[in-house]
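> need coordinates for the below:
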Amino acid sequence: MVRTLTRWNVEDYHRMIESGLLTGRQVELIDGQIINMAPELPIHRVTYRRGVKYLETLLGARAVVFATAPVTLPNDGEPQPDICIAIPPESRYDQRHPEPSDIYWLIEVSNSTLSYDLGDKAKMYAQQKIQEYWVIDISGNQLWVHRQPNNGAYQSVVPFSTGKIRPLALPAVEVEVHLLLH
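Numbers count the residues shown, from 1 in each chain. This is a model prediction of the structure:
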């Protein structure tokens with residue numbers, strides 16, 4: 001007998017959330033599957049919180065900075081990146097989560113999930129044409145910058161440990177790498 005998993009869509013997932021079925025569970029919808037999220041250690045939390053505060057101050061009204069909030073992907077996905085930098089105004093998202101066309105760039109903070117964040121998550125975001133995806137590698141003290149999504153993969157993946165980065169969507173802005181890493 002062949003067994004198959006039930007594939008969930010975003011609407012099913014939202015109904016489960018609204019009904020309370022997923023209350024108290026740390027999950028996200030990835031390619032139609034409800035996946036348990038990795039437990040969060042204190043260093044993970046403080047790293048993304050510092051990053052959110054820094055980016056909110058740096059970007060001001062030029063972008064909306066979400067922390068650990070869902071983004072909706074058209075392939076039955078609703079992952080929760082640690083940081084999402086999206087097109088303003090914030091009221092644009094009163095009735096929905098940001099979608100790929102709303103996203104300037106995404107950031108994942110990686111403490112114990114580096115291979116997943118650099119592999120499967122990068123592939124998922126590239127497939128959805130997210131123009132820029134960053135991974136803060138806590139243990140490696142590096143920021144991995146992914147750009148140029150094409151054929152389901154980022155064509156440019158560059159690690160930084162110092163310096164400044166100009167986001168593609170906001171080239172007048174200079175993000176100080178060390179302020180995201182520490």
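> spatially nearest residue to the most centrally placed residue in the chain (excluding sequence neighbours)?
Nearest to the geometric centre of the chain sits residue 81, at 2.8 Å (Cα atoms, centre = their mean). Nearest residue to residue 81, sequence neighbours excluded (Cβ to Cβ, 6 or more residues apart in numbering): residue 106, at 4.4 Å. Backbone N, C-alpha and C define where each C-beta goes, glycine included.
> which residues sit in contact with the one you found?
Residues counted as contacts of residue 106 (Cβ atoms under 8 Å, 6 or more residues apart in numbering) are 71, 81, 83, 84, 85, 125, 130, 132, 133, 134.
> mind redoing it with 6 Å?
81, 84, 130, 133 (Cβ atoms under 6 Å, 6 or more residues apart in numbering).
> going along the chain, name the helices of the chain.
Counting by DSSP state H, one finds helices in the chain at the ranges 10-19, 42-59, 114-116, 122-127, 177-181.
> give me the number of neighbouring residues for the closest residue to residue 98 other than its chain neighbours.
Leaving aside its sequence neighbours, residue 98 sits nearest to residue 86 (Cβ to Cβ, 6+ apart; 4.4 Å). Neighbourhood size, residue 86 [other Cβ atoms under 10 Å]: 23.
> quick one: contacts for residue 86?
Counting by Cβ under 6 Å, 6+ apart, residue 86 has contacts 64, 98, 102, 103.
> of those residues, which is the nearest to residue 146?
residue 103 (13.0 Å; Cβ to Cβ).
> how much space separates the closest one from residue 169?
9 Å (Cβ to Cβ, to the nearest Å).
> more neighbours: which of these two?
Just comparing residue 103 and residue 169: by other Cβ under 10 Å the higher neighbour count belongs to residue 103, 24 against 16.
> contacts only, for that one.
Residues in contact with residue 103 (Cβ under 6 Å, 6+ apart) are 86, 130.
> okay, and the beta partners of it?
Note on residue 103: beta-bridge partners by DSSP bridges are residue 86.
> one more: residue 176?
Beta-bridge partners recorded for residue 176 (DSSP bridges): residue 164.
> how much space between it and residue 111?
For residue 176 relative to residue 111 (Cβ to Cβ), the value is 21 Å.
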